[in-house]
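Engineer: Need coordinates for the following:
(2 chains)
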Number of protein chains: 2
Amino acid sequence: MHKYKLKIEYDGSNFVGWQKQNNGISIQESIEQAIFELTGEKTIVFGAGRTDAGVHALGQVAHFDLKKNFNIDKVRDGLNHHLRPNPIAILKVENASDSFHARFSAKQRTYEYLITNRRAPLTIKKNKSWSIFKTIELEKMRYEANFFIGKHDLQAFRSIDCQSNTSIKTIDEIKISKNNENLNISISAKSFLHSQVRIMVGTLVEIGKGKITESITQIIKSKDRTRAGVTAPAHGLYLVKVNY
Amino acid sequence: MHKYKLKIEYDGSNFVGWQKQNNGISIQESIEQAIFELTGEKTIVFGAGRTDAGVHALGQVAHFDLKKNFNIDKVRDGLNHHLRPNPIAILKVENASDSFHARFSAKQRTYEYLITNRRAPLTIKKNKSWSIFKTIELEKMRYEANFFIGKHDLQAFRSIDCQSNTSIKTIDEIKISKNNENLNISISAKSFLHSQVRIMVGTLVEIGKGKITESITQIIKSKDRTRAGVTAPAHGLYLVKVNY
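Structural biologist: Residues are numbered from 1 along each chain as shown, chains lettered A, B, ... in the order given. Alright, predicted model coming up:
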């Protein structure tokens, strides 16, 4: 078997998410279908991050195996051809070693969350950023964000649907940058709980608005989902990078 | 009468352009309709730049007159409310003097043109940037772009539909910046001929691809539209700023 590694960009707006589901079209099955049309082989595509419905990717990584050996640039161009008009683009194809697994070999995942903080609604960035009207105090958010760094039990920051055995996760890095009305919250970790990034962002935003006055440390300690903030909408979230 | 000045952002994808036409919805009439719904007054909205179908704006400027005096922040929020779900946002409303005219008082307009130069098709930037597969030589484009600066007869760079009496225009500035796969061509002038920016961009791109080998100076001198390049697609163009 020949193993191929993909770097993928997509607009998640009209998909049910990365993973195959019964209620609509997923990124995963769209790529599997394109591989079948290109190569005649039925295969499973394994992604590094199982992004939810509406979540975007600038650098999702996935792998799949084929019996035949194909030129990697032809695979990239061929898959892009068969993926049209879906808003999914194969940025890069590489040959990968037998032991490589997009999900299990990943050492770090980086997500970015985009916020537009202004009175006017979104036009060009509609469904690409979270529109927040009320002024957010950046310094408060930045101060509290630091307390996420390190190893914690993040029970308070997981969706009730989360099926992970453990809620102990290690946050490697969290950066908040601002350019005029645009906020970018970048979070890196080996792995995340279900909806973790969106609940972290929702909580930081409510801290920035003054709606939550508890500290991140207190909320983490409480292990109580109701003390954390809202789950930020999916359409502001981007899977940007996966390191191996 | 009270005069109001607007700063407007829009996604031009699904409009026939700024100006009212018979074949679809324009930005202009959408704003006039919102003003009517908010104030009960019928008025004409005059824009600084009559952007074509598919062209976007980050900083279009317009003005209109009303009999009544309204609080400018309430006009902004009220128009944004009535403009929903159109992808048109009123970023700012100001009171303007009687002599102000969004179109005729403008001293300089700046357009930016976005290009994504990569093999993979667009996803998140679909209809927001011109997708070019073939490698463009940036330095060639930059060198030739300088020869647009100053006062020239730009007969070769106007659409056959252009109704302007003169084709003599002065380009104040042209800057080409690159960030990985993303090119941004920024062009400033007091005013432009019909499709001028898009023909300038199309010509520079063909120079960057090696498809056009004539210099910009030679093409300008020829006054021949057929010697210039293609008209770059509308969806890469943004009206970003108007100075008064």
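Engineer: Bridged to A:Thr116, which residues?
Structural biologist: A:Thr116 forms beta bridges with A:Ser131, A:Asn182, as assigned by DSSP bridges.
Engineer: Please list all residues in contact with it.
Structural biologist: Listed by Cβ atoms under 8 Å, 6 or more residues apart in numbering or on different chains, the contact partners of A:Thr116 are A:Leu122, A:Lys125, A:Ser129, A:Trp130, A:Ser131, A:Ile132, A:Glu181, A:Asn182, A:Leu183. Glycine gets a C-beta too; all of them are placed from N, C-alpha and C.
Engineer: What is the burial count for the last one?
Structural biologist: It stands for A:Leu183. 25 (other Cβ atoms under 10 Å in any protein chain shown).
Engineer: Check the second one too.
Structural biologist: Number of residues near A:Lys125 (other Cβ under 10 Å) recorded here: 20.
Engineer: picking that back up, among the contacts of A:Thr116, which one lies nearest to chain B?
Structural biologist: Of all these, chain B sits closest to A:Leu122, with 7.1 Å by Cβ to the nearest Cβ.
Engineer: Near chain B, which residues of chain A are found?
Structural biologist: Counting by Cβ under 8 Å from any Cβ of the partner chain, chain A comes close to chain B at A:9-11, A:56, A:58, A:76-77, A:80, A:83-84, A:87-91, A:118-124, A:126, A:128.
Engineer: And the helix or strand containing A:Asp77, what does it pack against?
Structural biologist: According to DSSP states H and E, A:Asp77 maps onto helix A:72-83. Counting contacts by 3 or more Cβ pairs under 8 Å, 6 or more residues apart in numbering or on different chains; DSSP states H and E, helix A:72-83 is packed against strand A:2-10, helix A:27-39, strand A:88-96.
Engineer: can you tell which of the ones you listed is closest to B:Lys3?
Structural biologist: Among these, the nearest to B:Lys3 by Cβ to Cβ is strand A:2-10 (45.4 Å).
Engineer: Now stretch A:219-232: buried residues?
Structural biologist: A:Ile219, A:Ile220, A:Arg225, A:Ala228, A:Gly229, A:Thr231, A:Ala232 (16 or more other Cβ atoms under 10 Å in any protein chain shown).
Engineer: Secondary structure class of the second one, three-state.
Structural biologist: Reduced to three states with DSSP: H, G, I helix; E, B strand; the rest coil, the structure at A:Ile220 is helix.
Engineer: what do you get for the last one?
Structural biologist: For A:Ala232, the secondary structure call by three-state DSSP comes out as coil.
Engineer: Show the contacting residues for it.
Structural biologist: With Cβ under 8 Å, 6+ apart, A:Ala232 has these contacts: A:Tyr113, A:Trp130, A:Arg198, A:Ile199, A:Val201, A:Gly202, A:Val205.
Engineer: pLDDT at the closest residue to A:His82 other than its chain neighbours, what is it?
Structural biologist: Nearest non-adjacent residue to A:His82, counting by Cβ to Cβ, 6 or more residues apart in numbering or on different chains: A:Ala34, 3.8 Å away. Looking at A:Ala34, its pLDDT is 98.
Engineer: now do A:Val61
Structural biologist: Note for A:Val61: predicted pLDDT of 98.
Engineer: For my notes, confirm it occurs in a strand.
Structural biologist: Yes: remark: A:Val61 belongs to a strand, assigned using three-state DSSP.
Engineer: Leaving aside the residues adjacent along the chain, what's closest to the spatially most distant residue from the centre of chain A?
Structural biologist: Farthest-out residue of chain A from its mean C-alpha position, per Cα atoms, centre = their mean: A:Lys68, at 31.2 Å. Nearest non-adjacent residue to A:Lys68, counting by Cβ to Cβ, 6+ apart: A:Thr39, 6.5 Å away.
Engineer: Quick check: A:Gly24 touching A:Phe15?
Structural biologist: Yes: using Cβ atoms under 8 Å, A:Gly24 is in contact with A:Phe15, at 7.0 Å.
Engineer: the more surrounded of those two?
Structural biologist: Neighbours per residue (other Cβ under 10 Å) separate A:Gly24 from A:Phe15, with A:Phe15 holding more: 26 against 12.
Engineer: could you list every residue that touches the more buried one?
Structural biologist: Contacts of A:Phe15 by Cβ under 8 Å, 6+ apart are A:Gly24, A:Ile25, A:Ser26, A:Ile27, A:Ser30, A:Ala53, A:Gly54.
Engineer: If you rank these by neighbours, which is first?
Structural biologist: Neighbour tally across the contacts of A:Phe15 (other Cβ under 10 Å): the maximum, 29 neighbours, falls on A:Ile27.
Engineer: For A:Lys67, the count of nearby residues, please.
Structural biologist: By other Cβ under 10 Å, neighbour count at A:Lys67 equals 10.
Engineer: Sorry, slip of the keys, the one I care about is A:Pro85.
Structural biologist: Neighbour number of A:Pro85 under other Cβ under 10 Å is 7.
Engineer: what's the spacing between it and A:Thr51?
Structural biologist: Distance, A:Pro85 to A:Thr51, using Cβ to Cβ, to the nearest Å: 20 Å.
Engineer: sorry, back to before: could you export the buried residues of stretch A:219-232 as CSV, including pLDDT?
Structural biologist: Output for the buried residues of stretch A:219-232, formatted as CSV (pLDDT from 0 to 100):
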residue, pLDDT
A:Ile219, 98
A:Ile220, 98
A:Arg225, 97
A:Ala228, 98
A:Gly229, 97
A:Thr231, 98
A:Ala232, 98
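Engineer: thinking A:His2 is in contact with A:Asn71, fair?
Structural biologist: No: look at A:His2 against A:Asn71 with Cβ under 8 Å: they stay out of range, at 11.2 Å.
Engineer: neighbour count winner among the two?
Structural biologist: Taking neighbours as other Cβ under 10 Å, A:His2 and A:Asn71 compare with A:His2 leading, 13 against 10.
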